[in-house]
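Undergrad: pasting the sequence and the predicted model now:
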Amino acid sequence: MTTLRERFLRYVKIYTTSDPHSKSYPSTERQWDLLKLLQSELTSIGASDVEITAHGYVLATIPATPGYEHVPVVAFLAHVDTAPDFNGDGVKPIIHANYDGRVIVLPDDPRQVIDPHNPMYANILTALGKDVITASGTTLLGADDKAGIAIIMTAAQQLLSDTSIPHGKIRICFNPDEEVGHGVDHLDIAYLGASAAYTFDGGAVGEVSWETFSADGAVVEITGVSTHPGTAHDYGMVNAVHLAGKLLGMLPREFAAPESTTGRVGFIHPTNIEGNTAAATVRFILRDHDNEKLAAKGRALQLICEALQASYPTSSVRCTISSSYRNMGYWLRDRPEIMDKLRAACADAGVVSYDEPVRGGTDGSRLTERGLPTPNVFTGGHNAHGPLEWVAVQDMQRGVDVMIALAKRWAM
Ligand SMILES: [Zn+2]
């Protein structure tokens, strides 16, 4: 477990925050620092076909155990970037060995407290007796997804060094830019050459996800009638800013906003508004696990726009909906062996697994839609994207155990 811990501590100290506004790929140059390190580590542990593509995908192969060359090829993925939501520069990991249930105050900003008495953070009590790692208060930790990388690298090293473990050919992929929604834009699925894949990018031990949201975007463009305000009454001003406000007021917020929904209930969420008297634009994201319910949310938004348009016939209210990604469950349902083997591997490793539909997308959402079914596996990480992020070394070890058991399951 020393290797796992050392690897994780090494990776989190490397600044890899991605940037949603960047036009480059990867979105930030700094992600190359970790990508190149992983490339050289894969070479030094004896992986084959180690390469780094022009777009920053680190790829490698763990060859099949002799006699298992015919079994399906499986790929394991994790992302190197950390979320731009919170500072990721200068991460100082702190180990709270043999955690005893105490309140953890992060030294560089004592307002940052993980208090097990606070129901929001009580999940730290699942780490009693374990070695908990946190950041120091002014940064996130980056267990999302450096825990996933440490898990895959540690398991890869074991699979490469212990030739008695039966497994087929395994492909490894470390990618940039997951947190800004572009993690697999340039990944060549045919070249990766796997029939199934797993991302290690989930939360608590045992959590496995084969469903994500289906996602659409909507843009509502409102054109008003702009006149001099002094004569607005005579010249029929219709203020696009007011219409945008009315539009937002007509949304069914109580039962279809992210802040009022949980579980499998989706939402209509305005993310951006800009404009003036003459014209205004409101952007939305629409989410639901069910494609038909997602389409219904789109129709509801269209109807609201039509109603607004009808009330203001001299204005124009136009709603355009575009598809972002689809729930991977629609494809994974047709390949039940992919989750069956994952659940069996969890059981083999002594982990009680449970299905957790993701209220968002993963790199696997797009990969699955493009033809490579890719559910998501836990890493042990908690409180991602903020200063209170933590992970326990022993929980990451369960991830290593599951990955090795999964490699074996695919060879049965
Ligand atoms: Zn992640």
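TA: That came through, no problem.

Undergrad: in the stretch 301-412 of the chain, what residue comes closest to the ion?
TA: Of all residues in the stretch 301-412 of the chain, Ala384 sits closest to the ion, at 6.7 Å by C-beta to the ion. For the C-beta atoms, the positions are set from N, CA and C on the backbone; glycine is no exception.

Undergrad: check the stretch 201-350 of the chain too.
TA: Counting by C-beta to the ion, the stretch 201-350 of the chain gets nearest the ion through Asp201, at 4.2 Å.

Undergrad: the ion contacts on the protein?
TA: Asp144, Asp145, Asp201 (C-beta under 5 Å from the ion).

Undergrad: any idea which of those is closest to Asp85?
TA: Within the residues of the chain next to the ion, the smallest distance to Asp85 is 10.5 Å, found for Asp144 (C-beta to C-beta).

Undergrad: hang on, the closest one in a strand?
TA: No - going by DSSP: H, G, I helix; E, B strand; the rest coil, the assignment for Asp144 is helix, not a strand.

Undergrad: which one is it nearest to, not counting chain neighbours?
TA: Ala384 (3.9 Å; C-beta to C-beta, 6 or more residues apart in numbering).

Undergrad: so for the one you found, what's the pLDDT?
TA: Note on Ala384: pLDDT of 94.

Undergrad: just give me the neighbour total for Ser316.
TA: 16 (other C-beta atoms under 10 Å).

Undergrad: shouldn't it be in contact with Ile222?
TA: Yes - Ser316 is within contact range of Ile222, at 7.1 Å (criterion: C-beta atoms under 8 Å).

Undergrad: quick one: residues contacting the residue of the stretch 301-412 of the chain closest to the ion.
TA: Ala384 sits next to Ala83, Leu140, Ala143, Asp144, Gly203 when contact means C-beta atoms under 8 Å, 6 or more residues apart in numbering.

Undergrad: so the first one makes contact with Ala143?
TA: This means Ala83. No - between Ala83 and Ala143 there is no contact under C-beta under 8 Å: 11.2 Å.

Undergrad: neighbour count winner among these two?
TA: Ala143 (30 against 20).

Undergrad: that older thread, where's the residue of the stretch 301-412 of the chain closest to the ion relative to Asp131, distance?
TA: Ala384 is 19 Å from Asp131, where distance means C-beta to C-beta, to the nearest Å.

Undergrad: what strand or helix carries the residue of the chain positioned farthest from its centre?
TA: The C-alpha centroid of the chain is most remote from Asp234, which lies 53.2 Å away (C-alpha atoms, centre = their mean). Counting by DSSP states H and E, the element that carries Asp234 is helix 232-235.

Undergrad: Ile404 now?
TA: helix 393-409.

Undergrad: packing partners of that helix?
TA: helix 2-12, strand 74-79, helix 143-161, strand 196-200, helix 336-348, strand 376-377 (3 or more C-beta pairs under 8 Å, 6 or more residues apart in numbering; DSSP states H and E).

Undergrad: closest to Gln302 out of those?
TA: strand 376-377 (32.2 Å).

Undergrad: check which helices and strands that closest one sits against.
TA: strand 196-200, strand 207-209, helix 393-409.

Undergrad: that older thread, Phe284 versus the residue nearest to Asp144, what's the distance?
TA: From Ala384 to Phe284 the distance is 24 Å (C-beta to C-beta).

Undergrad: for the stretch 151-300 of the chain, just list every one of the strands.
TA: 170-175, 196-200, 207-209, 214-223, 267-275, 279-288 (DSSP state E, counting those that start in this stretch).

Undergrad: mean pLDDT, distance to Ile95 and mean neighbour count added to these, as CSV?
TA: Shown next, in CSV, are the strands of the stretch 151-300 of the chain (pLDDT from 0 to 100; distance: least, C-beta to C-beta, whole Å; neighbours: other C-beta atoms under 10 Å):
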stretch, mean pLDDT, distance to Ile95, mean neighbour count
strand 170-175, 98, 24, 24
strand 196-200, 98, 21, 26
strand 207-209, 97, 23, 22
strand 214-223, 96, 38, 21
strand 267-275, 95, 38, 16
strand 279-288, 96, 37, 21
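
Undergrad: in JSON lines, list the ones you listed along with distance to Tyr99.
TA: Compiled in JSON lines, the strands of the stretch 151-300 of the chain are given as follows (distance: least, C-beta to C-beta, whole Å):
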{"stretch": "strand 170-175", "distance to Tyr99": "29"}
{"stretch": "strand 196-200", "distance to Tyr99": "23"}
{"stretch": "strand 207-209", "distance to Tyr99": "20"}
{"stretch": "strand 214-223", "distance to Tyr99": "37"}
{"stretch": "strand 267-275", "distance to Tyr99": "36"}
{"stretch": "strand 279-288", "distance to Tyr99": "35"}
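
Undergrad: good, we can wrap up now.
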